[in-house]
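A.B. asks: compute the structure for the input listed below.
(chains A, B, C and D)
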Amino acid sequence: MSGLDYTRQEMMAIATGREIRDGELAIFGVGLSMLAGFFAQAHHAPNVRTMTEGGVYGATPVGGLPWGIECNRISSNATSFTNAIDALGFLVASGRCDVGIIGAAEVDKFGNVNTTGIWEGPIGPTFRPPKTRLTGAGGANDIACGAKRTIIMVSHERKRFSEKVAYISSPGYLEGGDARSRHGFNGGGPAAIVTTLGILRPHPETREFELASWFSFSNIEEIKANTGWDLKLAAGAHEAPEPTADELAALRRVDETGALRKKG
Amino acid sequence: MSGLDYTRQEMMAIATGREIRDGELAIFGVGLSMLAGFFAQAHHAPNVRTMTEGGVYGATPVGGLPWGIECNRISSNATSFTNAIDALGFLVASGRCDVGIIGAAEVDKFGNVNTTGIWEGPIGPTFRPPKTRLTGAGGANDIACGAKRTIIMVSHERKRFSEKVAYISSPGYLEGGDARSRHGFNGGGPAAIVTTLGILRPHPETREFELASWFSFSNIEEIKANTGWDLKLAAGAHEAPEPTADELAALRRVDETGALRKKG
Amino acid sequence: MPHEKLISLAEAVRRYTWDGMQYASGAALPVGSDAIVFGRELLRQNRKDLHAIFHCNTQQLNLLAAAGAVTRAECGFSGLEVFGFANGLRRAVESGRLALEDYSNLAIPLRLLGGALNWPFVPATVAIGSDIQYRSAFAPDDYPAQKKIPMVTDPFTGKEIGAFLPLRPDLAAIHVTLADPLGNAIILGTEWSRFELSRAAKKVVLIADALVDTACMRQFPNLVRIPDIIVEAVVHWPFAAWPQSSPGMYDADEEHMVAMNKALATEEGTAAYIRDYIDGVTDIPAYLDRIGRDKVEHLRRSSTSFLLDPFRQWLLAAEEVAP
Amino acid sequence: MPHEKLISLAEAVRRYTWDGMQYASGAALPVGSDAIVFGRELLRQNRKDLHAIFHCNTQQLNLLAAAGAVTRAECGFSGLEVFGFANGLRRAVESGRLALEDYSNLAIPLRLLGGALNWPFVPATVAIGSDIQYRSAFAPDDYPAQKKIPMVTDPFTGKEIGAFLPLRPDLAAIHVTLADPLGNAIILGTEWSRFELSRAAKKVVLIADALVDTACMRQFPNLVRIPDIIVEAVVHWPFAAWPQSSPGMYDADEEHMVAMNKALATEEGTAAYIRDYIDGVTDIPAYLDRIGRDKVEHLRRSSTSFLLDPFRQWLLAAEEVAP
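C.D. replies: Numbers count the residues shown, from 1 in each chain, chains lettered A, B, ... in the order given. Sure, this is the predicted structure:
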């Protein structure tokens, strides 16, 4: 133990940020994903080329986490505003964007993401309304289809980790294996699912997600118990390094309103 | 005779301008076409909504005829600059533009336009280089495909009026009849060929261009002699009205450098 | 000379809308630059059975859905970003009153692009291979859906990709930062898909936070992304996107965002919201009073205010701009 | 922090070009905003066998073709507007030294759009049904050409339209009015297809008439249509489009336009032009001397100069911008 005091949310944001390399072209959504991305920029990837799906370039959030991509907290120091076709189309769906961070309400063992709705049981042949309607795919589908790799951030609860999602809002590896190659996507699929408990990565052939790392405060059993499929251990699975003092300081500079610091 | 002194080029510009109706969405090319269009605006179509293929809106030429669509003479008082996809795509190829004026080096009896090259004899199965390379299609092809109707302006010389053009740069009625409908064009085709001698219009069924009007200084025989196909007389063919004093004054306000006044 | 196009909000809704129409609005992502005052007037005039085309859901669609004015909608995203789920829209979808056809945030602007170009279809390399392609709320028994995003064969390689149906809404009510009385518009902040929407819609009405003299447009023609020649009418309405934000003009009213969404979660709350914030709030002074004059001043002190500075000299005063 | 990207013209050509490459440039219609100084340097470095992608021909393509540096070209328009036929290009085409593949002025930007989106093809409702579709200079024996603009079946209606092959040039040298040292750019005047080109090209080098501080970009982010994240390098070169125009900066040099095109009509004239205006004219002072300092001042007094006024306060002086 490093002796540093940090929350699970902070660990998730730092672990996600570690996936971003310097110089990459990266797209962040609103909320956690943006904090993780700007943490990477503040810590180890000063030349990351960031954008939002609205075509906001050169901006860093000021005065707190933006409440939306159009938020004035990120519109107040941009160098360029263009549009959705530019950001999500020319730069992401084209296959040009190196990495995108997306969220999930529910994810399955092939990294398919559901953010559309919760149904009781399978939907069936008729598309009946969900019991609980969620937000829909938004730009996450476009990132999932087009970015060279995606990182999925999701709170690690059993109900969110399903054998098969009820509705694929954003494609991971679909039915696994090379199923993605049957479609016209320009992107490569999810490289990691980073959770509040650990990091899952796809098996290189089956594309089934396996446990690659646990955090110092979690363990294999806890993670398996909170995963809705029979989670395998990846070759070389290990405990993820704890946040360094530098990492935590960088994250907290970005998360100036402490959105991640509430223990949960 | 009205007693007014004007040139054949001026008559052609006025006759073309008369084809433009108030309130229409209209696209003009550079040169004669722009003079004819802005004459219409100055004279009888004050609310014509003009654009150039560069996406220059709300502008009128100042300080002389522009030497190009990007010319500072038309960039100096525009209200909007956008781009080529906007003007030629969203507003023209879409079928939204009411009328476009295009030029021709050679035109045939179905209103097909060649601005690409002059070959000796038919091109044949191999696409050999032309003896004289011309300018290519430019935006005229897009206007010919997409505008609700087009007006073709061309100097009336026998070598320019062919039974069949060597190369179709911009489609008129192709092989005539309903040949256009076999393609995915959103526009209607040429409504008139306005020349230095008169006005030709398409037969409603065969789409072959016929002589609809001659100018006071020309006559049917002269026009036939200067046309490379057996030119028919349209039903109701008549002499076109001479320019009025108002028309001529309006044209000369637009043509402030007298580009059309040189007797030719 | 071109005509002035300034008309009142009520007149714009009377003239350009009808029950059952395809109505496009929204604008820049869920919580910014939304022409929501147009939606408020749609409710005052009791328009119904709308087919809404919103690139993203906004408080406007949330409100129209809560009030039962929308029966069909097409969206790329249907939440309210960090303000959470859109309770009014959610309630309408879950109850089956509103069929929500899901797309992605790139699919919608590409469909608008295709509508603007009058293409028969638009190539799709996103929104395929997922349930966005296979599930259709407009044809719920067609599974896997064959007509929503069919496949098309690339003639160069023989491979298949998807094909989107282009969008050509009957009307787009578009929020812009600045308009002149002729209908030229300047947008500050991301365009999102307002450029493509303005060309795809059959008719365009601008909802402008402020009016400027046309001389402003001649100074900044490259900023005029919506030219007058495609605009039917201009409605001037300050704080037109409230409680959402307008970069350069005002911040989001976070308190009202939350309260409004909470109200729209129930029938009763929605009725109360309409009574308190819509019925009778028919002119600009009443509207600004309803927001609260102190709140208005507070929201105006945005960190983005400097974005408006180059244009302030051309702002038209209220008395110059009454339609 | 992002890197500065200012490099010299010679370095840009050395680093980003090679014989046989697909080189895109040109810019805003035949006689405006053309990155021709980049083409002049291509000649100084003796690049050859170029495959030129020019939305329209410009004096740059006219010059490169006259000098024999281009063997394949794709264009929507190949004249010089009111300056007539492009004699250098014409001579190269007529002699068979250069294969010119004809498109239309909408076809080229749609092909760039398709390249930017990485689509396998782009729907075509123009440039079909004519010899632009049926005749291919790149496959002269294929008649009617089957592969240039093949047909594709619309899955919604079963009808056929055309399909364009997307463009992804190796490099685009793009003329912009103003750039900052990071690579953000402002264009005054029509964009023509510079927005799409900047996204379609594998690499982008900006050729800027003037440099400004990044604060200018933060004041006018909606004008920054080319953001730094897609730009490799920035070359500062005043009068970079001469003898063509740059709105806000300078007018066309009509006298030189005519003289240059006349020179390019013959081998001898071309050799003389290269000797007098290209060889040895390797730095900015020599270049401005060659134009003529009086001429420079005259061209600068453009009726469009007012378009630059809002940005003058951020212009960087020459000593601040040496790479």
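A.B. asks: what sits closest to the most centrally placed residue in chain A if chain neighbours are left out?
C.D. replies: For chain A, residue A:152 is the residue whose C-alpha lies nearest the centre (CA atoms, centre = their mean; 2.7 Å). Distances taken as CB to CB, 6 or more residues apart in numbering or on different chains place residue A:193 nearest to residue A:152, at 4.5 Å, with adjacent residues excluded. Glycine gets a C-beta too; all of them are placed from N, C-alpha and C.
A.B. asks: likewise residue A:99?
C.D. replies: Nearest non-adjacent residue to residue A:99 (CB to CB, 6+ apart): residue A:26, at 5.0 Å.
A.B. asks: tell me the pLDDT at the one you found?
C.D. replies: As predicted, residue A:26 sits at a pLDDT of 97.
A.B. asks: ok, residues contacting the host helix or strand of it?
C.D. replies: Element membership for residue A:26, per DSSP states H and E: strand A:25-28. Defining contact as CB atoms under 8 Å, 6 or more residues apart in numbering or on different chains, one finds that strand A:25-28 is touched by A:20, A:34, A:36-38, A:40, A:48-53, A:87, A:91-92, A:96-101, A:139, A:143, A:147, D:229.
A.B. asks: next step: these restricted to strands.
C.D. replies: Secondary structure from DSSP state E places A:49, A:50, A:51, A:99, A:100, A:101 of the contacts of strand A:25-28 in strands.
A.B. asks: and which of those is nearest to chain B?
C.D. replies: Of all the ones in strands among the contacts of strand A:25-28, chain B sits closest to residue A:51, with 21.1 Å by CB to the nearest CB.
A.B. asks: number of nearby residues for the closest one?
C.D. replies: 28 (other CB atoms under 10 Å in any protein chain shown).
A.B. asks: surely it touches residue A:57?
C.D. replies: Yes. Here residue A:51 reaches residue A:57: they are 5.4 Å apart, a contact under CB atoms under 8 Å.
A.B. asks: common neighbours of those two, please.
C.D. replies: Common neighbours of residue A:51 and residue A:57 (CB under 8 Å, 6+ apart) are residue D:229.
A.B. asks: I'd like the next helix or strand past whichever strand or helix holds residue C:162.
C.D. replies: Assigned by DSSP H and E, residue C:162 belongs to strand C:160-164. Sequence-wise, the next helix or strand downstream of strand C:160-164 (DSSP H and E) is strand C:171-179.
A.B. asks: and the gap between the residue nearest to the centre of chain A and residue C:40?
C.D. replies: To residue C:40, residue A:152 is 38 Å away according to CB to CB, to the nearest Å.
A.B. asks: in which helix or strand does residue C:274 reside?
C.D. replies: helix C:267-277.
A.B. asks: report the distance from that helix to the chain centre.
C.D. replies: 21 Å (CA atoms, centre = their mean, to the nearest Å).
A.B. asks: what does stretch C:138-154 give?
C.D. replies: 27 Å.
A.B. asks: for stretch C:274-285, same thing?
C.D. replies: In terms of CA atoms, centre = their mean, the centre of stretch C:274-285 is found 20 Å from the chain centre.
A.B. asks: for that stretch, what is the average pLDDT?
C.D. replies: Regarding stretch C:274-285, the rounded mean pLDDT is 96.
A.B. asks: look at the residue nearest to residue C:98 when sequence neighbours are not counted and give its secondary structure.
C.D. replies: Once flanking residues are discounted, residue C:98 sits nearest to residue C:92: 3.8 Å by CB to CB, 6+ apart. Three-state secondary structure (criterion: DSSP: H, G, I helix; E, B strand; the rest coil) places residue C:92 in helix.
A.B. asks: residue of the stretch 1-150 of chain C nearest chain B, please.
C.D. replies: Closest residue of the stretch 1-150 of chain C to chain B, CB to the nearest CB: residue C:118 (3.8 Å).
A.B. asks: quick one: residues contacting that residue.
C.D. replies: Residue C:118 neighbours (CB under 8 Å, 6+ apart): B:93, B:94, B:95, B:96, B:186, C:166, C:168, D:125.
A.B. asks: so which of those wins on neighbours?
C.D. replies: Among the contacts of residue C:118, the one with the most neighbours (other CB under 10 Å) is residue B:93, at 33 neighbours.
A.B. asks: settle this for me: it is touching residue B:142, isn't it.
C.D. replies: Yes. Applying CB under 8 Å, one finds residue B:93 in contact with residue B:142, separated by 5.3 Å.
A.B. asks: now the common contact residues for those two.
C.D. replies: The contact sets of residue B:93 and residue B:142 overlap at D:106, D:126 (CB under 8 Å, 6+ apart).
A.B. asks: flag every residue of the stretch 1-150 of chain A that's near chain D.
C.D. replies: Proximity of the stretch 1-150 of chain A to chain D (CB under 8 Å from any CB of the partner chain) is limited to residues A:25, A:46-47, A:49-51, A:57-58, A:77-82, A:86, A:89-91, A:93-96.
A.B. asks: may I see the ChimeraX selection of the buried members of those residues?
C.D. replies: The ChimeraX command for the buried members of the residues of the stretch 1-150 of chain A next to chain D (criterion: 16 or more other CB atoms under 10 Å in any protein chain shown) is given here:
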select /A:25,49,50,51,57,58,77,78,79,80,81,82,86,89,90,91,93,94,95,96
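A.B. asks: ok, residue A:199 - contacts?
C.D. replies: Residue A:199 is in contact with A:15, A:192, A:193, A:211, A:212, A:213, A:240, counting by CB under 8 Å, 6+ apart.
A.B. asks: quick one: which of the residues you listed sit in strands?
C.D. replies: A:192, A:193, A:211, A:212, A:213.
A.B. asks: and for the last one, the neighbour number?
C.D. replies: Residue A:213 is surrounded by 21 other residues when neighbours are defined as other CB under 10 Å.
A.B. asks: contacting residues for the residue nearest to residue C:98?
C.D. replies: Taking CB under 8 Å, 6+ apart, one finds C:65, C:66, C:68, C:70, C:98 in contact with residue C:92.
A.B. asks: what angle sits between the helix or strand hosting residue C:209 and strand C:171-179?
C.D. replies: Secondary structure assignment for residue C:209, by DSSP H and E: strand C:203-211. Inter-element angle recorded for strand C:203-211 and strand C:171-179: 20 degrees (by axes from the mean of the first three to the mean of the last three CA atoms, to 10 degrees).
A.B. asks: pLDDT score assigned to residue 215?
C.D. replies: Going with chain A. The predicted local confidence for residue A:215 is 98.
A.B. asks: I was thinking of chain C, sorry if that wasn't clear
C.D. replies: On pLDDT, residue C:215 comes in at 97.
A.B. asks: who touches it in this structure?
C.D. replies: residue C:314.
A.B. asks: what about it, which SS state?
C.D. replies: helix.
A.B. asks: and residue 17, how many neighbours?
C.D. replies: In the absence of a named chain, this looks at chain A. So residue A:17, with other CB under 10 Å, has 27 neighbours.
A.B. asks: meant chain C, my bad for not saying
C.D. replies: 20.
A.B. asks: name the nearest residue to it, sequence neighbours excluded.
C.D. replies: Nearest one to residue C:17, counting by CB to CB, 6+ apart, is residue C:47 at 5.6 Å.
A.B. asks: could I get the pLDDT score of the one you found?
C.D. replies: On the pLDDT scale, residue C:47 is placed at 98.
A.B. asks: got a list of what it touches?
C.D. replies: Listed by CB under 8 Å, 6+ apart, the contact partners of residue C:47 are C:13, C:17, C:18, C:19, C:69.
A.B. asks: give me the secondary structure label for it.
C.D. replies: coil.
A.B. asks: pull up the gap between it and residue D:307, please.
C.D. replies: Where residue D:307 is concerned, residue C:47 sits at a distance of 43 Å (CB to CB).
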